[in-house]
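# Next input, structure requested:
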Amino acid sequence: TNIFVQGSTDVAIEEQANARVRYDNISASGNVGGDHIQYAGRSITSDTTWDFGGLPVHIQADVNLNGASTTLTVVPGSIIKFASNRHLASSDSASNRGKLVAVGTENEPIIFTSVTDDSVGGDSNADGQATSPTPGSWAGMYLYNNDTQLRHTEVRYGGADGKGGVAINVTTTGTTGTPLSLTDVTIAHSASEGVEIDAGSPILTDVHLIENDGRAILEGGQARARYIDLSASANAGGDHVGYQGRVIGADFTWDFGGLTAHILADINLNGASTRLTVIPGSVIKFASNRHLASSSSANDRGALIAEATENAPIIFTSITDDSVGGDSNADGQATAPSSGDWSGMYLYNQDSRLEHVEVRFGGGDLNGGIHVNSVTPGEAGSKIELSEVLLESNAGPGIEIAAGTPMLQGVSLTNNAGPAIDMFAGARATFDDIFARGNLGGDKLRLAGQTISSDWNWDFAGLPVEVVGNIFVNNALTELSIVPGTVIKVAPN
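The predicted structure follows:
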């Protein structure tokens with residue numbers, strides 16, 4: 001307490017691994033090895049508070065938090081600097097990893113950085129301008145315990161292990177019932193992703209990701225993170241959330257906190273009661289040959305609910321499309337989108353609804369930008385609904401309707417490689433206010449040959465119809481009615 005260390009030929013204070021010192025009001029000046037506390041690596045197995053009395057601390061070797069009930073608390077204003085390749089993590093069994101509570105304040109943030117970072121805590125390694133921090137100067141932080149909290153915290157120059165400046169992999173259940181959280185946190189200059197989330201349901205709020213060498217965030221297929229008010233700038237791998245493929249088998253909401261999402265592998269919605277909801281204003285970009293679909297049995301496929309507004313549409317497009325969400329893959333003009341960049345969307349559940357949605361550059365499977373095949377019943381009387389939807393520059397048809405009775409209203413189909421709409425035998429779609437222009441396969445609805453055995457009213461909302469097979473109207477009581485003004489063009493023979 002109240003110790004002033006001056007003029008030593010080494011560091012101000014050296015704390016060995018077996019020590020557990022308490023510091024209060026420590027100051028230092030002119031120490032040749034640096035005005036800091038040199039802190040040896042250790043395994044922390046009981047509750048510990050890091051309060052270094054106002055001095056910066058240099059972590060010389062790995063610090064591991066072991067024991068599910070172990071808490072490491074860091075006091076506001078602390079400056080924690082790590083030596084090369086060192087981490088703050090847990091190394092015990094998956095269910096027995098300790099928690100980190102680093103809760104600073106707006107005026108006294110907690111900063112985790114490199115021993116070569118003189119911008120905070122001064123030139124604490126006393127080498128003048130001889131060294132400066134670079135991405136990957138230290139390994140980073142590994143957060144495993146669900147009770148972990150970071151608030152008003154900065155993490156700089158980590159990521160040497162290639163797992164992000166902050167790596168989240170929730171394998172230890174906490175005791176508070178609240179998920180791991182990062183609030184008002186800045187992650188900058190990591191050698192890889194800003195944040196990498198392997199597992200768990202962490203909540204990231206007001207997290208800022210700046211000048212990391214990888215993408216802003218990478219979320220693995222086992223994770224179910226929640227994002228609120230994120231920002232990202234100048235990340236070399238792209239200012240986006242990289243989202244690994246997964247099977248979604250329970251209700252979930254896509255809200256990426258204002259960042260663009262890059263879907264890196266297929267997304268499948270399984271379970272007839274499963275609903276994936278996408279919030280208005282979302283920009284969802286897909287990697288090559290990837291889809292949003294369902295892969296389970298015919299009567300067990302989930303629904304997509306993408307209901308937006310005129311001023312905040314939802315856009316599904318290619319990762320090379322810089323016209324929305326900016327240059328989120330950070331390659332400048334090196335790539336540009338084209339038809340079929342990604343596979344497209346497959347709607348199987350009759351509860352699926354799209355409103356004020358755009359689907360661009362899909363159709364790589366040649367099944368349309370949107371493929372409708374209503375094989376999973378929804379709620380009583382429900383139908384797949386597409387309202388105020390734009391399908392643009394998709395390979396194959398804009399929309400392919402394989403089965404069901406979907407409702408299309410205010411749908412625009414432009415510059416698709418196939419016909420505007422392709423409808424298979426047995427499908428009975430309803431159309432209202434359909435617009436088609438510039439579709440290479442024709443601004444038309446292509447109708448498959450079929451046998452009609454129940455009443456049907458042909459009203460294709462003004463689109464001309466190309467009939468590509470024989471139409472048989474069977475049963476003496478069956479009526480096929482055609483609305484005035486309909487143009488029907490029949491293929492040869």
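
# low pLDDT regions in the stretch 1-150 of the chain?
Regions of the stretch 1-150 of the chain meeting the criterion pLDDT under 70 are absent.

# residues in contact with S454?
Applying C-beta atoms under 8 Å, 6 or more residues apart in numbering to S454 gives the contacts N475, T478. (C-beta placed from N, C-alpha, C; glycine too.)

# what does V11 give?
When contacts are counted by C-beta under 8 Å, 6+ apart, V11 touches N31, G33, G34, D35, H36, I37, Q38, H58.

# wait, doesn't the fifth one sit right on H58?
Spelled out, it's H36. Yes: contact criterion C-beta atoms under 8 Å: H36 and H58 qualify, at 5.0 Å.

# what is in contact with these two at once?
V11, K81, S124, N125.

# show me the contacts for the second one.
Applying C-beta under 8 Å, 6+ apart, one finds that K81 lies in contact with H36, P56, V57, H58, I59, F112, T113, S114, V115, D117, G121, S124.

# can you do 10 Å?
34, 36, 39, 56-59, 111-118, 120-121, 124-125, 133, 137-138, 156-157 (C-beta atoms under 10 Å, 6 or more residues apart in numbering).

# All the helices of the stretch 201-350 of the chain, in order from the start?
For the stretch 201-350 of the chain, applying DSSP state H, counting those that start in this stretch gives no helices.

# Which pLDDT value belongs to E307?
Listed pLDDT for E307 reads 98.

# Please tell me how far it sits from V357.
In this structure, E307 lies at 8 Å from V357, with C-beta to C-beta, to the nearest Å as the measure.

# and if you look at A225?
The gap separating A225 from V357 is 23 Å, by C-beta to C-beta.

# which of those two has more neighbours?
Using other C-beta atoms under 10 Å, the more surrounded residue of A225 and V357 is V357, with 26 against 23.

# Adding distance to R215 and secondary structure, write the contacts of V11 out as JSON lines.
What follows is those, written out as JSON lines (distance: C-beta to C-beta, whole Å; DSSP: H, G, I helix; E, B strand; the rest coil):
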{"residue": "N31", "distance to R215": "41", "secondary structure": "coil"}
{"residue": "G33", "distance to R215": "38", "secondary structure": "coil"}
{"residue": "G34", "distance to R215": "35", "secondary structure": "strand"}
{"residue": "D35", "distance to R215": "37", "secondary structure": "strand"}
{"residue": "H36", "distance to R215": "33", "secondary structure": "strand"}
{"residue": "I37", "distance to R215": "35", "secondary structure": "strand"}
{"residue": "Q38", "distance to R215": "35", "secondary structure": "strand"}
{"residue": "H58", "distance to R215": "30", "secondary structure": "strand"}
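
# wouldn't G221 be in contact with I263 here?
No: using C-beta atoms under 10 Å as the test, G221 is too far from I263 to be in contact (11.2 Å).

# Okay, T153 and V170: tell me how far apart.
18 Å.

# can you check S132 too?
Per C-beta to C-beta, S132 is found 35 Å from V170.

# Which one's more surrounded, those two?
More neighbours surround V170 than the other of S132 and V170, with 24 against 13 (other C-beta under 10 Å).

# pretty sure that one is in contact with D198, am I right?
Yes: here V170 reaches D198: they are 8.4 Å apart, a contact under C-beta under 10 Å.

# Find residues that contact each of those two.
What both V170 and D198 touch, as defined by C-beta under 10 Å, 6+ apart, is the set Y144, Q222, A223.

# burial count for P135?
As a burial measure, P135 scores 21 neighbours (other C-beta under 10 Å).

# check contacts around the nearest residue to it once chain neighbours are set aside.
Using C-beta to C-beta, 6 or more residues apart in numbering and skipping residues adjacent in sequence, the residue nearest P135 is A191, 4.1 Å away. By C-beta under 10 Å, 6+ apart, the contact set of A191 is 134-140, 157-165, 212-214.

# Let me know the secondary structure of A191.
What DSSP: H, G, I helix; E, B strand; the rest coil gives for A191 is coil.

# Model confidence at it, what's the number?
So A191 comes in at 98 (pLDDT).

# Please apply the same query to T376.
For T376, the model assigns a pLDDT of 87.

# which residues touch it?
If a contact means C-beta under 10 Å, 6+ apart, then T376 has 269-274, 294, 296-303, 347-352, 404 as its contacts.

# Report how many residues lie close to S43.
Residues lying near S43 (other C-beta under 10 Å) number 16.

# Would you quantify the distance from it to G67?
Computed with C-beta to C-beta, the distance linking S43 and G67 is 9 Å.

# Identify the contacts common to those two.
Counting by C-beta under 10 Å, 6+ apart, the contacts common to S43 and G67 are S90, D92, G98.

# The last one: neighbour count?
Pointing back at G98 there. By other C-beta under 10 Å, 27 other residues sit near G98.

# Counting by contacts, list what the host helix or strand of E388 packs against.
Following DSSP states H and E, one finds E388 within strand 385-392. Contact partners of strand 385-392 among helices and strands, from 3 or more C-beta pairs under 10 Å, 6 or more residues apart in numbering; DSSP states H and E: strand 303-307, strand 314-318, strand 344-349, strand 353-360, strand 370-376, strand 399-403, strand 407-409, strand 412-414.
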